[in-house]
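Trainee: Starting from these lines, generate the structure:
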Amino acid sequence: IRPGAIWHSDRGSQYTSASFRALVAGLGMRSSMGRTGVCWDNAAAETFFSALKNERVYRTVYATKAQARRDVIRYIEGFYNSRRRHSALDYRYPNEVHYSYQQPPAAA
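Mentor: Numbers count the residues shown, from 1 in each chain. This next block holds a predicted model:
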C-alpha cells in the first residue's frame, strides 16, 4: 500500500466505525465515503465488483479460501485488466491506462 492511497467505501457501519478509520489511518491511507443516497460516486468500483461476482465468483464453487483468492486474482489480472475494455476509460483496457501513466513523456 502506498502512503496516501485512498480507501473508498459506502457508509456501512463497519466502514464508519472508529476502529476501522483508525486502521485506515494507521496504514497511511485516506478514507473516502460516498454521500448518503448518491450511488454514482462509486460507480466504477460498483461496476467492477458486480462483474467479478456475476462473471466469476457466483459461477464457481471454491473448496478453500486460498483457491478462491487465486481464482479471483487470475480473473482480475488475466482477464479483467488485460482483455476487458471499459467505457469509463474510453474503451481502453485497465492495464493499458495503468501503464500509460508509467511511460516517460515523449520528447518534442
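Trainee: Which of the three states applies to the residue positioned nearest the centre of the chain?
Mentor: When C-alpha atoms, centre = their mean is applied to the chain, the residue found nearest the centroid is residue 45 (5.6 Å). Under DSSP: H, G, I helix; E, B strand; the rest coil, residue 45 falls in the helix class.
Trainee: Look up how far residue 30 lies from residue 52.
Mentor: 24 Å (C-beta to C-beta, to the nearest Å). C-betas here are computed from N, CA, C, even on glycine.
Trainee: ok, residue 81 touching residue 97?
Mentor: No: using C-beta atoms under 8 Å, residue 81 is not in contact with residue 97, being 9.5 Å away.
Trainee: Restricting to C-alpha, output the helix or strand bottoming out on mean pLDDT in the chain in PDB.
Mentor: Sorting the helices and strands of the chain by mean pLDDT, DSSP states H and E puts helix 13-16 at the bottom, at a mean of 78. What follows is helix 13-16, C-alpha atoms only, in PDB (Å, rounded to 0.1, in the frame of the first residue of the first chain):
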ATOM      1  CA  SER A  13     -21.300   0.700   9.800                       C
ATOM      2  CA  GLN A  14     -18.100  -1.400   9.500                       C
ATOM      3  CA  TYR A  15     -16.500   1.400   7.500                       C
ATOM      4  CA  THR A  16     -17.700   4.300   9.700                       C
END
